[in-house]
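Asker: pasted the sequence and its predicted model underneath.
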Amino acid sequence: MSSKYSFYQIFNSHIKREFLINFRSLIDVISIISFMILIITLFVLGIGPFQEKLGLVSNSIFWIGLILAIIPSLEKTLQRDYDNGWLDQTITSPISLEFILLSKSIAYWLIIIIPLLISLPFFIILLNISLKLIPWLFISILIGGLSISLVGIIGSALTLGAKRGNILLPILIIPFIIPILIFGVGVSETISVNESPIGNLFLLIGFTLIYLVISPFISAFLIRIAISR
Amino acid sequence: MFDWLANPNRFNRITEKTQPFILFISIIALFSGLYFGLFDSPKDYQQGNAVRIMYVHVPSAWLASFLYFSLAISCVFYLVWKHPLADLVSSSIAPIGVLFSALTLITGSLWGKPMWGTWWVWDARLTSMLVLFFFYLGYILLRNAFERKTDGSKTASVLAIVGLINLPIVKFSVDWWHTLHQPASIIKFGGPSIDEKMLLPLSLMFLALSFFSLYLIILNVKTKLIEKKCEALLLKSNLEEIS
């Protein structure tokens, strides 16, 4: 890399850019949180207001709500940059596209995860999740959110320029999210039965590391295909 | 070797000769496998005659996973060496994979009703077979979602290769989330733990179904080659009309 900027500066400027785009109008963030509240409401209305029934599934409802709320916003992450020509400019720049995509997914992770973590106590009260779960839930959302955003970048790159991409995207990426859901819920479930959640947490971290390695390369490859049209 | 096979004309010539044999082998194996499976194999001491569903269920489950593997491999050949024939092969494998994974799910639920008492159990293997089904479906949907055909096949090839992560999950899910389904009893250390009289029809059926799917794949590829030729001829005649 012959650029005069260091990796840290490039990383920083990309994160700043994403934050400015997403937080200047808070619509995206507000819609994720309110969508999640509405999904939880739908679940509760479907199950019924019985506390003992809800207690059995509250961890799963939380995770499913989280995943479903994030998915609709994934499509925009690259589509917007593709439409306004930012991606074409990025490919011609001397900085590697893989690195830019990595910083983009980390920025996206921070953008979705910070509001969710701030509103975490609220969801815990809504779903009557026990308070001893808070630190573990905090950690597992933090890690799971990173892998969801890494997978989401792949999905977003896959449907770049596709017809009906917004319908296709959930079908393509939900299979990849399944292990994250299983081990994310597993962390909370093992705590609920007073066992050590370390095994599930490590598997969650393992999947996240796999995605961390493969996601930038795959999405860069896909973007190069999409740009060459 | 693959360069040698990747020539469409040579492919046509070779398959012209081998195709009848492949069909012949699959029919022979199918009938003998069905005979041994239905009439000349022991009943299970617990499951009775219902165990005979296994002779369709297990080979199609194997084939569903194996076909996904070969789909991803031919996608690698398409992306790395850019053989157009490899793309045709992977697009021909996909519908057959959908067929076999659907067959596995259907026969599995037919088997599950008398054995477990329900049509469907959310067990690790059933779930991962369902996921495999959706991988095939996603591949086909993504392939057809683009204006230009080559975009679709390149993007979908990447999806298929990434989806290869799913295959180890199918295999190891049995060990990860132990539930109702019995653990793998044929491929494991220390030899198979299944009666030899059951193993014979099982392997015959596996042979029959895999040769039959090979036959279907070759037929599919040939059809697609002819389609491509027609398109080229059409373009050529259009060009001649213009000039």
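Answerer: Received, thanks.
Asker: okay, CA-based contacts and neighbour counts for the rest of this
Answerer: Noted.
Asker: how about the residues of chain A by chain B?
Answerer: Residues of chain A found near chain B (CA under 8 Å from any CA of the partner chain) are A:158-159, A:161-165, A:168, A:171-172, A:175, A:218, A:222, A:225-226, A:229.
Asker: between the residues you listed, which sits nearest B:Phe66?
Answerer: Closest approach to B:Phe66 among the residues of chain A next to chain B (CA to CA): A:Pro175, at 18.6 Å.
Asker: any idea how far B:Val98 is from the nearest residue to that closest one once chain neighbours are set aside?
Answerer: Nearest residue to A:Pro175, sequence neighbours excluded (CA to CA, 6 or more residues apart in numbering or on different chains): B:Val131, at 6.2 Å. As judged by CA to CA, to the nearest Å, B:Val131 and B:Val98 stand 11 Å apart.
Asker: that older thread, out of the residues of chain A next to chain B, who has the most neighbours?
Answerer: The most crowded member of these is A:Leu158, carrying 30 neighbours; neighbours defined as other CA atoms under 10 Å in any protein chain shown.
Asker: hang on, that one packs against A:Leu222?
Answerer: Yes - A:Leu158 lies in contact with A:Leu222 (CA atoms under 8 Å); the separation is 6.4 Å.
Asker: farthest pair within the residues of chain A next to chain B?
Answerer: A:Pro175 and A:Arg229 (28.0 Å).
Asker: give me the contacts around the strand or helix carrying A:Ile37.
Answerer: If you go by DSSP states H and E, A:Ile37 is part of helix A:27-47. Outside helix A:27-47, the residues within contact range by CA atoms under 8 Å, 6 or more residues apart in numbering or on different chains are A:22-23, A:53-54, A:61-62, A:65-66, A:68-70, A:73, A:111-112, A:115-116, A:123.
Asker: filter those residues down to the buried ones, PyMOL style.
Answerer: Per 16 or more other CA atoms under 10 Å in any protein chain shown, the buried members of the contacts of helix A:27-47 correspond to this PyMOL selection:
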select buried, chain A and resi 22+54+61+62+65+66+68+69+70+73+111+112+116+123
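Asker: helix or strand right after the helix or strand of chain B with the lowest mean pLDDT?
Answerer: The helix or strand of chain B with the lowest confidence, counting by mean pLDDT, DSSP states H and E, is helix B:166-176 at a mean of 56. Counting by DSSP H and E, the next helix or strand C-terminal to helix B:166-176 is helix B:196-242.
Asker: which other helices and strands does that following helix contact?
Answerer: helix B:8-38, helix B:54-81, helix B:84-116 (3 or more CA pairs under 8 Å, 6 or more residues apart in numbering or on different chains; DSSP states H and E).
Asker: so which of those gets nearest chain A?
Answerer: helix B:54-81 (10.6 Å; CA to the nearest CA).
Asker: coming back round to it: can you pull the residues that touch both of A:Leu158 and A:Leu222?
Answerer: Applying CA under 8 Å, 6+ apart, one finds that A:Leu158 and A:Leu222 are jointly contacted by B:Thr155.
Asker: picking that back up, list the buried residues in the helix holding A:Ile37.
Answerer: Within helix A:27-47, judged by 16+ other CA under 10 Å, the buried ones are A:29, A:32-33, A:35-37, A:39-41, A:43-44.
Asker: which one of those residues is nearest to A:Gln89?
Answerer: Distances from A:Gln89 to these, taken by CA to CA, are shortest for A:Val29, at 27.0 Å.
Asker: give me the element A:Leu68 is part of.
Answerer: helix A:51-83.
Asker: give me the lowest-pLDDT entry from the residues of chain A next to chain B.
Answerer: When those are compared by pLDDT, A:Arg229 scores lowest at 72.
Asker: show the contacting residues for that one.
Answerer: B:Asp151.
Asker: need the pLDDT of residue 227.
Answerer: Here I'm looking at chain A. pLDDT recorded at A:Ile227 is 86.
Asker: think we crossed wires, I meant chain B
Answerer: You'll see B:Glu227 listed with a pLDDT of 90.
Asker: so how many other residues sit close to it?
Answerer: If we define neighbours as other CA under 10 Å, then B:Glu227 has 12 of them.
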